[in-house]
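>>> Just need the structure, nothing else, for what follows:
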Amino acid sequence: MQPLIDNARMFGQRPEEFAHLAKGQSPEVLFITCADSRVVPALITGARPGELFELRTAGNVVPPYASTTPTGEAATIEYAVQVLGVQHIVVCGHSHCGAVGAVVRHDDLSAVPAVRDWLAHACEEPKCSDPTDPAVAEAVQHHVLTQLLRLRSYPCIEKRLEAGELQLHGWYYEIHTGIVREHRAQSDTFETL
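Here you go, the predicted model:
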């Protein structure tokens, strides 16, 4: 913890680098990814403060849209699309994902009931021919595509997609290599960026 505290102290000693951020934000991208500490959107993309609007959930899950039961995730998505006017949404899954792995292996999550209930509520079981693969690559990639379909059911996203004002992107980040792959609709494969 001490190195993080030391860096935070040094970070605040450069106010001239951040003064412009007080004027507001206008990110072009909503980046939806897992809460996993090994996945760092700004590091992966090289984004500076103000360039990414982030939503991080266990397993980069986008919950089903339900206007009668608001969620923090839905509010974040709606704010990014309606208020900030992001032009791109990236759903980025990653290798070695504990949440996706737990779903495809049918792990006993009784010791973590909130995680169990979140995944049961919000996560369909992804296709996976080899649930013993520690990277769960196939399952994570399928999961990313499922989340993109879910996003299309959000009224604000559907409207912006129809108007040609928004693009959705599916990414897969390999923790062990640093390689990022993007889903290509033409070939229905994830290819290196």
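>>> quick one: residue 63 from residue 71, how far?
Residue 63 sits 5 Å away from residue 71, going by Cβ to Cβ, to the nearest Å. Where you see a C-beta, it was placed from the backbone N, CA and C, and this is true even at glycine.
>>> Also residue 179?
Computed as Cβ to Cβ, the residue 179 to residue 71 distance reads 32 Å.
>>> Compare the two and say which is more crowded by neighbours.
Counted by other Cβ atoms under 10 Å, residue 179 and residue 71 do not tie: residue 71 has more neighbours, with 16 against 12.
>>> Now do the contacts for that one.
When contacts are counted by Cβ atoms under 8 Å, 6 or more residues apart in numbering, residue 71 is found next to residue 63.
>>> Counting neighbours, what do you get for the closest residue to residue 34 other than its chain neighbours?
The spatial neighbour of residue 34 that comes closest, neighbours along the chain excluded (Cβ to Cβ, 6 or more residues apart in numbering), is residue 60 at 4.5 Å. When neighbours are defined as other Cβ under 10 Å, residue 60 has 27 of them.
>>> helices or strands next to the longest helix anywhere in the chain in the packing?
In the chain, with assignment by DSSP state H, the single longest helix is helix 137-152. Contacting helix 137-152 under the criterion 3 or more Cβ pairs under 8 Å, 6 or more residues apart in numbering; DSSP states H and E are the following elements: strand 88-94, helix 98-105, helix 155-162, strand 167-173, strand 180-184.
>>> Would you mind finding the most buried of the ones you listed?
A comparison of these by mean neighbour count, using mean count of other Cβ atoms under 10 Å, puts strand 88-94 on top with a mean of 24.
>>> circling back to that earlier point, could you check how far the residue nearest to residue 34 is from residue 104?
Distance, residue 60 to residue 104, using Cβ to Cβ: 15 Å.
>>> again with residue 82
Here the criterion is Cβ to Cβ. By it, residue 82 lies 34 Å from residue 104.
>>> try residue 158
The spacing between residue 158 and residue 104, counted by Cβ to Cβ, is 29 Å.
>>> before we move on, what about residue 77?
According to Cβ to Cβ, residue 77 and residue 104 sit 25 Å apart.
>>> need the contact list for the closest residue to residue 52 other than its chain neighbours.
With sequence-adjacent residues excluded and distances taken as Cβ to Cβ, 6+ apart, residue 52 is closest to residue 31, at 4.8 Å. Under the criterion of Cβ under 8 Å, 6+ apart, the contact list for residue 31 reads 41, 45, 52-55, 89-90, 92.
>>> quick revisit: can you give the distance of the longest helix of the chain from its chain's centre?
Helix 137-152 has its C-alpha centroid displaced from the chain centroid by 11 Å (Cα atoms, centre = their mean, to the nearest Å).
>>> got the angle for that helix vs helix 155-162?
Counting by axes from the mean of the first three to the mean of the last three Cα atoms, to 10 degrees, helix 137-152 points 90 degrees away from the direction of helix 155-162.
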